[in-house]
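Visitor: Need the 3D shape of this:
(one chain, ligands or ions: 1)
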Amino acid sequence: ATEIEWWHAMGGSLGDTVNAMATEFNASQSDYKITPIYKGGYEETITAGISAFRAGEAPAIIQIFDAGAATIINAKGAALSVEDILVDNGYEFDINSYVPGVRYFYADANDKMIGMPFNSSTPVLYYNKAMLADAGVKPPKTWEEFETTAEKLKQKGYVALAQSHTPWIFFENFHSRHDLQMADKDNGFSGLPNKVMYNNKHLKMHLEHVKAWKDAGYYGYYGRVWGDNENAFVKKEVAMWIGSSGSFGGLKTSADFDFGTSYLPYWESINKDAGTTFIGGAALFAMAGHTDKEYEAVAAFFNYLTKPETQYFWHRETGYVPITNAAYNLAKDDGYYAANPDAEVGIKQLSLDEGEWTKGYRLGFYVQTRESIYREMDRIMSGETTVEAALKAIETDANRNLERFARTVK
Ligand SMILES: O=P(O)(O)OC[C@H](O)CO
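Guide: Numbering: from 1, shown residues only. From the prediction side, this is the model:
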């Protein structure tokens, strides 16, 4: 059999599901064998991939997260298009068979799909049903409503909210949800951008409120580590947590209480018709430098991964959304959402109205820009800096990253 490696960043229960899928694929036929290899978190996986590519030892398939998309898509000769690999190996490919929200995030400037949006997620609000019921409140739809909800929760002795992944939730998806531009050149889709637009009055207003919520005891800030914020929810230190829909499966096991999900809140004062969020998570890229036989194996595996049954299994186990219409329909027809309405919230949010600025972003060296966001958020929360100064610092760093990146691809 032709053997290929799949480097991925899925730890814990997500990693178990990845391994189960690889095992099933290997058992389903005898021509190809895929070996999944866990390389650490998203940042570590992209770093390992870049080093391996430079050394001519890249794996056939690598999982790269949203923030690293520009790096791999613009790096000449690094990745082959998933669309080409499938078609060249005799499989059907129709971009319209993918659900709207996931079609173009990993596409190139000509809308050709480069990375397969394997694990697509979106930020959702998880809430502890008992705590909200105790305070007599419902999960807030808007941030305006959140302020009343949080006060009622506080009166019952609860901290209302924690949230993971500040760049993804409070910066990138904040712009999508309110349909706000976040960088020039169409958020980086129509050319190499020069300017990130984070220093805007809406984001400033939002972050000033977040700081005020922290000071008022509405918001628990547990730092930059994803798990620390999620754990606060699991340990019932907070009543609500904003995290990835991809955490749904894990929470079902780790939380010993009944929880629900609802859409990411928005500011009615900014956009009363708030719409869809960006997808998050990661895509699978086929790296250059392999043999035709190996790409045949890659195509067979990608074809297996996009099958409705495989997608439905992945969605059920993890909470990542079904990426094809067929998989979404299969879940509906199977009665999965009738029995588990909270499991549909992510995919429904990704199906809300699209706007001019909801397609995604393509920003070079954005992984480094996220580091600046984490750093400045820590400083805002500790009172070391003002929101305005923080946003200026982030923009300066982000624009420098764009400039450096442009030099590498020219
Ligand atoms: O936790 P995930 O996989 O849903 O990813 C969230 C963000 O998109 C990562 O950049």
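Visitor: For the rest of this, base every contact and every neighbour count on C-alpha atoms.
Guide: Fine.
Visitor: Tell me the secondary structure of residue 261, please.
Guide: What DSSP: H, G, I helix; E, B strand; the rest coil gives for residue 261 is strand.
Visitor: which residue sits closest to it, ignoring its sequence neighbours?
Guide: Using CA to CA, 6 or more residues apart in numbering and skipping residues adjacent in sequence, the residue nearest residue 261 is residue 126, 4.5 Å away.
Visitor: secondary structure element for that neighbour?
Guide: Per DSSP states H and E, residue 126 falls inside strand 123-128.
Visitor: Report the buried residues of the helix or strand just after that strand.
Guide: Of the helices and strands lying after strand 123-128 in sequence (DSSP H and E), the nearest is helix 129-135. For helix 129-135, burial by neighbour count (16 or more other CA atoms under 10 Å) applies to 129, 131-132, 135.
Visitor: average pLDDT for helix 129-135?
Guide: Averaging pLDDT along helix 129-135 gives 98.
Visitor: Next SSE downstream of it?
Guide: In N-to-C order, the element after helix 129-135 by DSSP H and E is helix 143-155.
Visitor: what's that next one in contact with?
Guide: By CA atoms under 8 Å, 6 or more residues apart in numbering, the residues outside helix 143-155 that reach it are 131-132, 135-140, 159-161, 217-218, 239, 265-268.
Visitor: for stretch 18-28, same thing?
Guide: For stretch 18-28, the surrounding residues in contact (CA under 8 Å, 6+ apart) are 10, 32-36, 301, 304, 310.
Visitor: of the residues you listed, buried ones?
Guide: For the contacts of stretch 18-28, buried by 16+ other CA under 10 Å: 10, 32-34, 36, 301, 304, 310.
Visitor: Stretch 10-19 and the ligand, any residue contact?
Guide: No: using CA under 6 Å from any ligand atom, stretch 10-19 stays clear of the ligand, with a minimum separation of 8.2 Å.
Visitor: So the residue nearest to residue 261 versus residue 115, what's the distance?
Guide: Per CA to CA, to the nearest Å, residue 126 is found 29 Å from residue 115.
Visitor: Domain ranges for this protein, per the record?
Guide: As given by automatic domain parsing, the domain ranges for the chain are 2-120+279-349, 123-277+364-409.
Visitor: Nearest to residue 355, out of those?
Guide: domain 123-277+364-409 (5.8 Å; CA to CA).
Visitor: right, is that closest one up against the ligand?
Guide: Yes: shown here: domain 123-277+364-409 in contact with the ligand (CA under 6 Å from any ligand atom) through 168, 244, 246.
Visitor: contacting residues around the residue nearest to residue 261?
Guide: So residue 126 contacts 240-243, 259-262 (CA under 8 Å, 6+ apart).
Visitor: cool, residue 93 as well?
Guide: Residues in contact with residue 93 (CA under 8 Å, 6+ apart) are 83, 86-87.
Visitor: before we move on, back to that, may I see the contacts of residue 126 organised as CSV, with pLDDT added?
Guide: Listed next are those as CSV, based on pLDDT from 0 to 100:
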residue, pLDDT
240, 98
241, 98
242, 98
243, 98
259, 98
260, 98
261, 98
262, 98
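Visitor: now those residues as CSV including neighbour count and distance to residue 378?
Guide: Listed next are these as CSV, based on neighbours: other CA atoms under 10 Å; distance: CA to CA, whole Å:
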residue, neighbour count, distance to residue 378
240, 30, 20
241, 26, 18
242, 25, 18
243, 26, 18
259, 19, 28
260, 17, 29
261, 23, 27
262, 21, 27
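Visitor: which one among the residues you listed gets closest to residue 283?
Guide: Closest approach between the contacts of residue 126 and residue 283, by CA to CA: residue 243, at 18.7 Å.
Visitor: Wait, a helix at the closest one?
Guide: No: with three-state DSSP as the criterion, residue 243 is strand rather than part of a helix.
Visitor: So it sits against residue 124, correct?
Guide: Yes: counting by CA atoms under 8 Å, residue 243 touches residue 124, with 5.8 Å between them.
Visitor: how much space between residue 68 and residue 140?
Guide: Counting by CA to CA, the gap from residue 68 to residue 140 is 32 Å.
Visitor: what's the straight distance from one end of stretch 255-271 to the other?
Guide: 34 Å.
Visitor: can you pull out the strands in the stretch 201-350 of the chain?
Guide: Taking DSSP state E, counting those that start in this stretch as the test, the strands found in the stretch 201-350 of the chain are 238-244, 259-262, 280-287.
Visitor: So what sits opposite the residue nearest to residue 261 in the bridge?
Guide: As for beta bridges, residue 126 partners with residue 241, residue 261 under DSSP bridges.
Visitor: between residue 68 and residue 140, who's got more neighbours?
Guide: residue 68 (23 against 20; other CA atoms under 10 Å).
Visitor: On the three-state scheme, the more buried one is what?
Guide: helix.
Visitor: can you pull the contacts of the closest residue to the ligand within the stretch 301-410 of the chain?
Guide: Closest residue of the stretch 301-410 of the chain to the ligand, CA to the nearest ligand atom: residue 320 (7.2 Å). Listed by CA under 8 Å, 6+ apart, the contact partners of residue 320 are 119-121, 245-247, 314.
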